[in-house]
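Undergrad: The sequence and its predicted three-dimensional model are supplied below.
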Amino acid sequence: MSVPVPLLAVENLQIRVGVDGPLAVDDFSFTMAPGEIVALVGESGSGKTMAARAAIGLLPAPMQVCGGRIIFQGQALDSSNAKAMREVRGARIGMVFQEPMVSLNPALTIGRQMSEALKLHTTLDAATIHERCIAMLQRIGMRQRIMLASVMLLRPALLIADEPTTALDCLAQLDVIELMLELTREQGTAILFISHDLSLVARYAHKVVVMRSGKAVEQGRIEDILFAPKAEYTRQLLEALPRRGELVPVPAADSALLQVRDVCIEHPGPRSFWGRSVPKRVVHSVNLSIAPGETLALVGGSGSGKTTLGRAVVGLVNPCAGAILFQGVDILKAANRAHRLQCQMIFQDPYSSLDPRMTVGQILAEPLRHEPALTAAQKRQRVTDTLVDVGLPEQFRERFAHQLSGGQRQRVAIGRALVRRPKLVIADEPISALDMTIQKQILELFERLQRQYGFACLFISHDLSAVERIAHRVAVMNQGEVVEMGPRDTIFDAPQHPYTRRLLAAASPLEKRADGSYRLRASVI
Amino acid sequence: MNLKTPALPPVAAITPRRRRRYPPLNALIGGSLLAALVLLALLGVVWTPYDPLKLDLLSRLHAPSALHWLGTDEFGRDVFSRLIIGARTSLWISLLSVSVAVICGTLIGMLAGYLRGWTDRLLMMLNDALLAFPGILMALGIMAIVGASQYGIVLALGIAYTPSVVRVVRGSVLSLRELEFIEASRVIGNSELYTMFRHITPNCLAPLCVLATSMFGWALLSESALSFLGLGVPPPAATWGSMLSASRTYISTAPWLGIFPGIFISLTLLAINLFGDALRDRLDPRMRK
Amino acid sequence: MAVPTLLLISVIVFALIRLIPGDPALLMLGDMADPQSLADMRSSLGLDHSVVTQYLIWIKSVLSGDLGVSISSRQPVLELLLERFSVSATVVLVAVLLATVLAVPVGLLAAWKQNSAMDLGLVATATLLLSVPSFWLGLLLLYVFGIQLGWLPVIGYVGFATDPMKALTYVVLPIVTLTLVEFGAIARMARASTIEVLRLEYIAHARAKGLSEGAVLCRHALRNAFAPTWTLIGLILGNLLGGIAVLETVFTLPGIGRLMVDAIFSRDYPVLQGCLLLVTCIYVLVNLLVDLLYPLFDPRVKL
């Protein structure tokens, strides 16, 4: 019996930035068998995207391959031979990118773009091409998957998927991946799946390659890695997955800090010249309450209304019906200054929530303008204390936002929200945009701060597993309504509503066992 | 001839091969050229080789020589000295008009962009209507009312360019408004006015700088064009445009009269364009972050 | 949306002319008018009524085609405007068309081969052309081709209707000058927007499908990169409506720019008013056209 030829073999690949720059990928090797699903996992800067792009010969300008080779279907791929690469691209190796919407050219019709590749690589006539496109479109339905469809039309032997679901919420992620699997299974296409999310790929991958700083840290079958991770970094990645732990103790209180009663919120519809518009209702009659010191997680997919509700609680949006009471007083009343001072928000995007022209010190000091009771010296001290609280060194005071990493910026955002020691903090998806290990750090920080200062929190997220760690109670929203609400353990162990169950199924499937190894949750399979 | 061109997306800087931290070529050339011209203009305040206004009928229409580096005009006046004085006039008028446009335009643009609603709609309708007047027409119209003088031109050009500033500033404000740090400012409890000045204004500076640099070039060109047409600062003041215009009569006999003013105008505009490109490239990627 | 703008423009033009110091009737008829005509003019302008009524009277006459009579030439203003405008329009349209046809492909190629010798060459040339004032370039070309070489006439003009071949010699230089100047601006814009587009993901995606660079450039990049260039062309056309005055002066073309300038010097206010109105209305129409055709290049923009 002959030894099976690997579909793709990467040997000692080295990629450099420019002619004499640092190595982005160093001595990287792995193989893929036909039909196999291999996941390339790593955080930002690990080199995973560059390694994959090298396989298809689409490295962005300053990067170049300076060592090693890539063998596809038994032949060495030479990225300098443009013509040879073009024949391989599309027809034999397909690639889908991160944001499906921007992968499509807005100036051309979808049909044109889909049939383009078919025309190029096959000798099918126009009618057959048309037929195939229609058949494919009927299966996939939504726009986001058109890119996937147009790539699979060509029936490549290998599909490279570069973080194709990172920008989607967890339910949509599953849909896209299931579609990908369905399409590839039929044709026996192998998938090289690049992701930063180990738990996502754990469901589907046969084999995993963990990368860090351009090197392969560990690779092997998924069960082996989960069962007994050898490398320290792999262990760190697995540890970063949220776990249910002991919760922050909630002090006894007789009245709720925040009460949302029958709140309805509308968005103004499309504006015509005369300003008249049909408003669209995004939140329907929501009721919830938060006790002092408690964390209520508000979970739902995109379009569920959770972000809008959060903004209403903090006062950025006004409800059209119902009332929001903070400490018993309606927040819309002008007299309720306490609300403005005691209720703060952490925004989702660490890149746009900080003023690019202000230093960290200025950002943290700005909320203190509204605390006339403090002297200048006291204010300065408060900023120092806050820097310590969020784990940033003193010299960061003079830095600007663009000099910080995503995790560091989010720490500043948390600091800004807490500098006035508010009673209620609204956190709008504060960790979604961060790497897994950083997410863990931020959640730990959050927990510690809550223990220290005892603030209540409305934690908004699209991912149930993220809130597993810190939420006392969970409210699940779908299409503007709260479909289920209850204590954390109840929601996670015995979900009632079908939507909750779907969210749970889409959440992280991994759990740690007593012996320290990981495996897929029973409920998932 | 363009009096108004919209802001271009960044022209990639022509950086030297070695990726070191040298400022790009266009900044260097443009900056130094501009600096040289400004110095020359400032020098002209206190000293010129000859008196630019003094008639010397014995030395009429002399070709460039050691005595008169760039020759003499039809009245025997030294061309070089007149060009230096012209530099001062042109640069000063351009600077003033750009300042007028920037100040007025920023205020209006901010109001429109931040307040929105009816204020915005009304201001924009007015702005679009004003934009429909090509710069030179607007300038002509206003000068017909205020009369042709140095400050008349400044007012005319300033008003002509204000709508462009309004558009850019308003656009900036509109895109900034949606960013989360503006919402964060409201959540903290800052008033709308404070948010506008503390957060929005500083972040508008980058595109405004780029526009101001371009406008400086347009203003210079317009001022030269208006003088060329005879509608600029009245004689005997020496402006580059009027020198060009006067040279037409002598185009076959004394071509140097037409060549040198044109070279000076072109060099100045080139310097402004190069410098403006470099500025745009430098400011733009930072804004994107 | 254009209608309110046009209305506002007419108000502004009306206000501008009224703001000119002096008796409006005298302004309209010139210094040599006799008392009877002045009195007639005053009543037809409605000077004894409110400003609003005066405006309405004026608008009414404009819409019916009566823009007054030129003080200097005694010709009806509308007729004069149309005559002159056709000359300017010919030069401007041909020049901008030529410039676009030349500049866009060059800009595209330069962006594709960014930082190559050809690219740097193009950027340098374009920047140089941008920086040269059109009237000086015109003078230089006139000097070289008209005086030194004697190939083309230096002054005068012959209409196309009279003698097409000769007319061509009169417009060649102005058109070439204008083409060169606008080439710089358009090429830079085409290059810059193509660079932007080439960075976007759908280009990488197109390449990943195996398309040749040519197909990527023409089919995918061109359409999208052209959109901002198209806006620029609209702006250029609008600006040239005023800016053409200098070129017309250099080449002694009887166009609308020179008409305006002459009108200012001779204080021929009816003509000035008419020019302002015509030029601004044309600008609005040009922009409207640009906006209407924009979705061809960027379907995301709805009409």
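TA: Noted; the coordinates are in hand.
Undergrad: Pull the residues that contact stretch A:226-237.
TA: Taking contacts as Cβ atoms under 8 Å, 6 or more residues apart in numbering or on different chains, the residues outside stretch A:226-237 that touch it are A:41, A:198, A:202, A:210, A:212, A:217-218, A:225, A:238, A:436-437, A:510, A:517-520. C-beta: built from backbone N, CA, C; applies to glycine.
Undergrad: can we see that at 6 Å?
TA: A:Leu198, A:Val210, A:Arg212, A:Val217, A:Glu218, A:Thr437, A:Ser517, A:Tyr518 (Cβ atoms under 6 Å, 6 or more residues apart in numbering or on different chains).
Undergrad: burial of the third one, as a residue count?
TA: Residues contacting A:Arg212 under the criterion other Cβ atoms under 10 Å in any protein chain shown number 21.
Undergrad: Does it touch A:Ser46 like I think?
TA: Yes - counting by Cβ atoms under 6 Å, A:Arg212 touches A:Ser46, with 5.3 Å between them.
Undergrad: Next, count neighbours for residue 28.
TA: Using chain A here. A:Phe28, neighbours per other Cβ under 10 Å, totals 26.
Undergrad: Not quite, go with chain C.
TA: What C:Met28 shows, counting by other Cβ under 10 Å, is a neighbour count of 22.
Undergrad: The stretch of helix or strand C:Tyr283 belongs to near chain B at all?
TA: Using DSSP states H and E, C:Tyr283 sits within helix C:269-297. Yes - on the criterion Cβ under 6 Å from any Cβ of the partner chain, helix C:269-297 is in touch with chain B at C:Thr280, C:Tyr283, C:Val284.
Undergrad: Please report the distance of the first one from C:Leu289.
TA: Spelled out, that is C:Thr280. 15 Å (Cβ to Cβ, to the nearest Å).
Undergrad: okay, the two: which has more neighbours?
TA: Neighbours per residue, other Cβ under 10 Å: of C:Thr280 and C:Leu289, the larger number sits with C:Thr280, 28 against 12.
Undergrad: For the more buried one, which residues are in contact?
TA: Contact partners of C:Thr280, counting by Cβ under 6 Å, 6+ apart, are B:Ala132, B:Phe133, C:Ile9.
Undergrad: Just give me the neighbour total for the nearest residue to A:His284 once chain neighbours are set aside.
TA: Nearest residue to A:His284, sequence neighbours excluded (Cβ to Cβ, 6 or more residues apart in numbering or on different chains): A:Gly480, at 4.5 Å. Residues near A:Gly480, counting by other Cβ under 10 Å, number 21.
Undergrad: Verify the stated contact: A:Gly480 with A:Val283.
TA: Yes - contact criterion Cβ under 6 Å: A:Gly480 and A:Val283 qualify, at 4.8 Å.
Undergrad: Now the common contact residues for those two.
TA: Joint contacts of A:Gly480 and A:Val283 (Cβ under 6 Å, 6+ apart) are A:Gly305.
Undergrad: Pull the contacting residues for C:Gly46.
TA: Here C:Gly46 is in contact with C:Thr53, C:Gln54, C:Ile57 (Cβ under 6 Å, 6+ apart).
Undergrad: that older thread, show me what contacts the residue nearest to A:His284?
TA: A:Val282, A:Val283, A:His284, A:Gly305.
Undergrad: Please flag which of the contacts of stretch A:226-237 sit within strands.
TA: If you go by DSSP state E, those have A:Val210, A:Arg212, A:Val217, A:Glu218, A:Tyr518 in strands.
Undergrad: quick check, nearest of the residues you listed to chain B?
TA: Using Cβ to the nearest Cβ, A:Arg212 comes nearest to chain B of the ones in strands among the contacts of stretch A:226-237, at 25.1 Å.
Undergrad: what bridges to the closest one?
TA: Assessed by DSSP bridges, A:Arg212 has beta-bridge partners A:Lys215.
Undergrad: Please report how far it lies from A:Thr437.
TA: As for A:Arg212, its distance to A:Thr437 is 10 Å (criterion: Cβ to Cβ).
Undergrad: tally of neighbours for B:Gly117?
TA: 9.
Undergrad: Just the buried positions in stretch A:480-490, please.
TA: Across stretch A:480-490, burial judged by 16 or more other Cβ atoms under 10 Å in any protein chain shown covers A:Gly480, A:Val482, A:Val483, A:Glu484, A:Met485, A:Gly486, A:Arg488.
Undergrad: Report the distance from that stretch to the chain centre.
TA: Taking Cα atoms, centre = their mean, to the nearest Å, one finds stretch A:480-490 lying 22 Å from the centre of the chain it belongs to.
Undergrad: So the nearest residue to B:Phe80 once chain neighbours are set aside, which state does it fall into?
TA: Leaving aside its sequence neighbours, B:Phe80 sits nearest to B:Leu70 (Cβ to Cβ, 6+ apart; 4.3 Å). Put simply, B:Leu70 is coil when judged by DSSP: H, G, I helix; E, B strand; the rest coil.
Undergrad: repeat for the one 5 residues further on
TA: Put simply, B:Phe75 is coil when judged by three-state DSSP.
Undergrad: packing partners for the helix or strand harbouring B:Leu126?
TA: Assigned by DSSP H and E, B:Leu126 belongs to helix B:117-131. Secondary-structure packing of helix B:117-131 (3 or more Cβ pairs under 6 Å, 6 or more residues apart in numbering or on different chains; DSSP states H and E): helix B:150-177, helix C:2-19.
Undergrad: Which residues does that helix contact?
TA: With Cβ under 6 Å, 6+ apart as the test, helix B:117-131 has contacts from B:Ala112, B:Pro163, B:Val166, C:Pro4, C:Thr5, C:Leu8, C:Ile9.
Undergrad: Mind doing that once more with 10 Å?
TA: Residues from elsewhere that reach helix B:117-131 (Cβ atoms under 10 Å, 6 or more residues apart in numbering or on different chains): A:273, A:275, B:4, B:105, B:108-109, B:111-115, B:138, B:159-160, B:162-167, B:170, B:174, C:1-2, C:4-13, C:235, C:238, C:280, C:283-284, C:287.
Undergrad: Whichever of those end up buried, select them in ChimeraX.
TA: Here is the ChimeraX selection string for the buried members of the contacts of helix B:117-131, based on 16+ other Cβ under 10 Å:
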select /B:4,105,108,109,111,112,113,114,138,159,160,162,163,164,165,166,167,170 /C:5,6,8,9,10,12,13,235,238,280,283,284,287
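Undergrad: what's near enough to touch the closest residue to chain A within the stretch 51-200 of chain B?
TA: Nearest to chain A in the stretch 51-200 of chain B, going by Cβ to the nearest Cβ, is B:Glu180, at a distance of 3.9 Å. Neighbouring residues of B:Glu180 by Cβ under 10 Å, 6+ apart: A:345, A:347-355, A:413, A:428, B:187.
Undergrad: quick one: which of those residues has the most company?
TA: Taking other Cβ under 10 Å as the neighbour criterion, A:Met345 ranks highest of these with 29 neighbours.
Undergrad: and the helix or strand containing it, does that touch chain B?
TA: Per DSSP H and E: A:Met345 is located in strand A:343-346. Yes - interface with chain B: strand A:343-346 contributes A:Cys343, A:Gln344, A:Met345, A:Ile346 (Cβ under 10 Å from any Cβ of the partner chain).
Undergrad: and if you look at stretch C:164-184?
TA: Yes - using Cβ under 10 Å from any Cβ, stretch C:164-184 reaches chain B at C:Thr177, C:Leu178, C:Val181, C:Glu182, C:Gly184.
Undergrad: List the buried residues for that stretch?
TA: Neighbour counts over stretch C:164-184 (16+ other Cβ under 10 Å) mark C:167, C:170-184 as buried.
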